[in-house]
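Enquirer: Need coordinates for the following:
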Amino acid sequence: MPWNELNNYELQAVRRLLCLDVSEAAEFIGRVSSRTWQYWESGRSKVPDDVETEMYALVSMRNQVIESVFDEINGDDPGCIRWYHTLSAFKEDFPESNSVLWRLHQSVCAYLFAEGGNASLDADAPLNKDSFLYQWFAGTTNEQLKHREFEQKFKGLDE
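Expert: Next up, the predicted model:
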């Protein structure tokens, strides 16, 4: 994906890919009003560099999660995946989470359903806490735990 400068159409496409509505993207990504975000998407104003960077990071995370899920299932059927229709339902299983991670989860699940083979989505699907998908959104993959340990080890050294 070429990312020099996101134009207004590309910003809108990426926002939709990530299942974010305008108000969520404005609040959590741009930290601006919905109207300002709409100006970016309409082409009235240039998309700021920090917004481009954050959108790129979210798409990269999404792609890494999808790739890791496929690595985990190794060509098998992904089965039935729990779908969270609301943020509150998502936070029941991922209490430390937020709107952006919930929407990222929806985006990953939508991809797995639409493009990933025989995956199905159900709000009552059993929760597989051993799956990479669950562990990533819970922040408990080996890589995330090592990163957190590293951060804690060196926290406060510059103070």
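
Enquirer: Next secondary structure after the longest helix anywhere in the chain?
Expert: The helix of greatest length in the chain, counted in residues with DSSP state H as the criterion, is given as helix 49-73. Downstream of helix 49-73, the next assigned helix or strand under DSSP states H and E is strand 80-82.

Enquirer: any idea which residue sits dead centre in the chain?
Expert: Leu104 (2.5 Å; CA atoms, centre = their mean).

Enquirer: what about the strands in this structure?
Expert: Under the criterion DSSP state E, the chain carries strands at the ranges 80-82, 120-122.

Enquirer: deepest of those, which one?
Expert: strand 80-82 (a mean of 19; mean count of other CB atoms under 10 Å). For every residue, glycine as well, the C-beta is placed using N, CA and C.

Enquirer: Show me what it is packed against.
Expert: Helices and strands touching strand 80-82, as assessed by 3 or more CB pairs under 8 Å, 6 or more residues apart in numbering; DSSP states H and E, comprise helix 99-115, strand 120-122.

Enquirer: just checking, what packs against the shortest one?
Expert: So that's strand 120-122. For strand 120-122, the elements it packs on are strand 80-82, helix 99-115, judged by 3+ CB pairs under 8 Å, 6+ apart.
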